[in-house]
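Colleague: predicted model, plus sequence, below.
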Amino acid sequence: MRRFMFGLGISGPLSLVLTACSPGAAAPREDLPASDGSILTTFDRLTLTSGDQAGFRASLVGSGGRLSSAGLVFVSRAPAVARVSAASGRARVQAVAAGRTWVVVRSAAATDSVEVIVQ
């Protein structure tokens with residue numbers, strides 16, 4: 001009797017999970033980024049030693065999932081900690097002094113940032 005009740009307890013949630021994953025569900029494809037005007041960056045955080053350099057890329061996800069780096073602006077919130085230069089969606093971060101800051105990436109439609117920790 002206990003086995004029978006245990007089996008019923010599992011089959012209920014299992015059937016809900018299987019139903020949610022059925023091919024008829026309208027879920028976005030995982031291999032395509034959302035096309036909501038968001039910015040994608042290759043890193044969320046960079047950890048550097050003073051004097052080091054590192055780079056990252058950023059792209060704006062446009063309509064139809066198209067990626068573009070046109071119109072992106074990169075700004076360091078604390079240039080005394082880390083400076084940034086950028087071209088064509090590629091940022092080069094120069095660690096200046098110990099501390100923590102963010103490199104902000106902006107477009108007309110969205111904003112994102114990459115945390116920079118200089119040790």
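Modeller: Ah, there it is. Numbers count the residues shown, from 1 in each chain.

Colleague: got the buried residues for stretch 72-83?
Modeller: 72, 74, 76, 78, 81, 82, 83 (16 or more other Cβ atoms under 10 Å). (Each C-beta comes from the backbone N, C-alpha and C, glycine too.)

Colleague: mind listing what the last one touches?
Modeller: Looking back up the chat, that one is residue 83. With contacts defined as Cβ atoms under 8 Å, 6 or more residues apart in numbering, residue 83 is in contact with 76, 93, 94, 96.

Colleague: hmm, try it at 6 Å
Modeller: By Cβ atoms under 6 Å, 6 or more residues apart in numbering, residue 83 lies in contact with 76, 94.

Colleague: same deal with the third one?
Modeller: Taking Cβ under 6 Å, 6+ apart, we find residue 76 in contact with 82, 83, 84, 101, 103.

Colleague: quick check: bridge partners of it?
Modeller: residue 103 (DSSP bridges).

Colleague: farthest pair in the buried residues of stretch 72-83?
Modeller: Comparing every pair within the buried residues of stretch 72-83 by Cβ to Cβ identifies 72 and 81 as the most remote, at 21.3 Å.

Colleague: alright, calling it a day.
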